[in-house]
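K.L.:
how does the following fold in three dimensions:
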Amino acid sequence: MRVGDALPPLEIEVTRTLIVAGAIASRDYQDVHHDAELARQKGSPDIFMNILTTNGLVGRYITDCLGPDAVLRKVAIRLGAPNYPGDTMVLTGSVEEVAGDTATVRVVGANGIGRHVTGTVTVTLPPGGAR
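P.N.:
Reported below is the predicted structural model:
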């Protein structure tokens, strides 16, 4: 792994099930993540994904690309455009820094209306590097 290396993109279909399941799994019972009518009453066109689901998907992206023995040390993300049902989020990444067995990867997740998530993930790689 070298600075500047690009990770392969990962397309994630944003479904109602994914949004609701992610909210339930992270114990986020805010109505905007499961009740479309109440989300609309609060000004959103539909339910939308919560940050904890996004955080989990970013972690999955890194370990899918770098292997199951990669250890996430720090995940620092910022949300932008919401992930609504029926859209697709495409995660991409590029290696920003490598120091010994540790790498920092810049991650961007974009959907049909813009960048849903941006940030960095610091990961420790197993001996021999990424798979």
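K.L.:
need the contact list for Tyr29.
P.N.:
By Cβ atoms under 8 Å, 6 or more residues apart in numbering, Tyr29 lies in contact with Ala23. Every C-beta, even on glycine, is put in place using the N, C-alpha and C of the backbone.
K.L.:
how near is it to Asp5?
P.N.:
40 Å (Cβ to Cβ, to the nearest Å).
K.L.:
check the residue positioned nearest the centre of the chain and give its pLDDT.
P.N.:
Nearest to the mean C-alpha position of the chain, counting by Cα atoms, centre = their mean, stands Val58 at 3.0 Å. Looking at Val58, its pLDDT reads 98.
K.L.:
now the one 10 residues further on
P.N.:
Note for Pro68: predicted pLDDT of 90.
K.L.:
so is Arg73 in a helix, a strand, or just coil?
P.N.:
Arg73 carries the three-state label strand when classified by DSSP: H, G, I helix; E, B strand; the rest coil.
K.L.:
what's the neighbour count on it?
P.N.:
Per other Cβ atoms under 10 Å, the neighbour tally for Arg73 reads 12.
K.L.:
didn't it look like it was pressed against Val105?
P.N.:
No. When contacts are counted by Cβ atoms under 8 Å, Arg73 is not listed as touching Val105 (11.2 Å).
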